[in-house]
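Q: next come a sequence and a model predicted from it.
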Amino acid sequence: MQQKLHTRGYRQTKHEFPFRGLLICGRCGCKITASCAKGKYVYYHCTSGRGKCEQPYVRQEVLSQRLQSIVDNVRIPQKIVASLLEKIANGEDSRRETVQARLQELETEEKELERRRNLAYIDKLNGVLAEERWCQLESQWSQRAQLIIEQRQRLQNSLHATAVDSAKEAFELLQHASELYSEQPYEDQAKALRVLVSNCTLMGETIEPNYKKPFDLVAEGVKTGNWYA
């Protein structure tokens with residue numbers, strides 16, 4: 001998202017309509033398309049695929065300004081960011097403790113498994129344990145030993161996850177997304193919007209976004225003040 005918001009250098013031609021495909025008409029459910037008037041003015045309007053639609057045409061620069069509300073609605077206040085990061089950090093500490101405890105359990109199981117395999121092998125050599133039975137047990141224990149190795153690897157990899165750093169970067173980006181949006185050409189604005197939403201409904205002058213996860217939770221937090229969903 002950050003790369004999309006920071007990208008510069010785009011120059012629009014009269015045949016490019018960056019916001020096309022992003023909007024659905026709230027009056028009839030058809031797509032919002034675009035067309036060029038007098039070779040330079042871009043207008044977005046309903047395709048009227050189900051008959052004449054009363055949705056008014058809207059100039060591209062006006063639509064761009066209205067679409068900024070989508071970015072504004074995921075802007076997180078600084079004091080909320082600090083609180084969220086603290087909770088994420090606490091949750092991360094708890095998660096790591098759980099992972100470490102599970103790793104210890106797997107290590108204990110691995111040692112016990114190895115002990116049993118060694119004893120069974122001695123019993124086989126001494127003729128106490130039949131060859132066929134030993135092969136059955138060894139096959140079972142080998143499979144379990146491989147599963148333990150795989151589980152330990154996944155858990156150890158998870159310890160390297162940086163949830164707090166990732167969240168901090170995302171929150172900082174959302175804090176500045178509004179300013180970044182307003183500075184970008186239309187093409188980059190559209191790219192940034194597509195990161196945040198799957199589509200939007202245009203009803204008159206009102207735009208209702210359908211946020212992607214996890215931005216739907218952020219938008220809900222901005223709207224309701226419930227940040228801990």
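A: Nice, thanks for sending it over. All figures in this text were calculated on a predicted structure; none of them were measured in a lab.

Q: any idea how far Gln156 is from Arg102?
A: Summarising the geometry, the distance separating Arg102 from Gln156, computed by Cβ to Cβ, to the nearest Å, is 11 Å. The C-beta positions use only the backbone N, C-alpha and C, and glycine is treated the same way.

Q: swap in Glu138?
A: Counting by Cβ to Cβ, the gap from Glu138 to Gln156 is 27 Å.

Q: contact partners of the helix or strand where Leu67 lies?
A: Using DSSP states H and E, Leu67 sits in helix 60-72. Outside of helix 60-72, the residues that reach it under the criterion Cβ atoms under 8 Å, 6 or more residues apart in numbering are 17, 19, 34, 42-44, 58, 177-178, 181-182, 186, 189, 192-193, 196-197, 200, 205, 207, 209.

Q: among the residues you listed, name the ones in helices.
A: 177-178, 181-182, 186, 189, 192-193, 196 (DSSP state H).

Q: looking at the residues you listed, which is nearest Arg115?
A: Of all these, Arg115 sits closest to Leu196, with 55.2 Å by Cβ to Cβ.

Q: ok, Thr206 - contacts?
A: Listed by Cβ under 8 Å, 6+ apart, the contact set of Thr206 reads Gly26.

Q: that one and Arg27, how far apart?
A: With distances defined as Cβ to Cβ, the gap from Thr206 to Arg27 amounts to 11 Å.

Q: mind putting the ones in helices among the contacts of helix 60-72 into TSV with neighbour count and distance to Arg117?
A: Listed next are these as TSV, based on neighbours: other Cβ atoms under 10 Å; distance: Cβ to Cβ, whole Å:
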residue	neighbour count	distance to Arg117
Ala177	23	57
Ser178	17	62
Tyr181	20	62
Ser182	12	66
Tyr186	19	67
Gln189	25	63
Ala192	24	57
Leu193	23	59
Leu196	23	54
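
Q: return the member of those nearest to Arg133.
A: Sorting the ones in helices among the contacts of helix 60-72 by distance to Arg133 puts Leu196 at the head of the list, at 61.6 Å, by Cβ to Cβ.

Q: residues near the closest residue to that closest one other than its chain neighbours, how many?
A: Sequence neighbours aside, Phe215 is the residue nearest to Leu196 in space, at 5.1 Å (criterion: Cβ to Cβ, 6 or more residues apart in numbering). Counted with other Cβ atoms under 10 Å, the burial measure for Phe215 works out to 19 neighbours.

Q: how close does Phe215 sit to Val197?
A: As judged by Cβ to Cβ, Phe215 and Val197 stand 8 Å apart.
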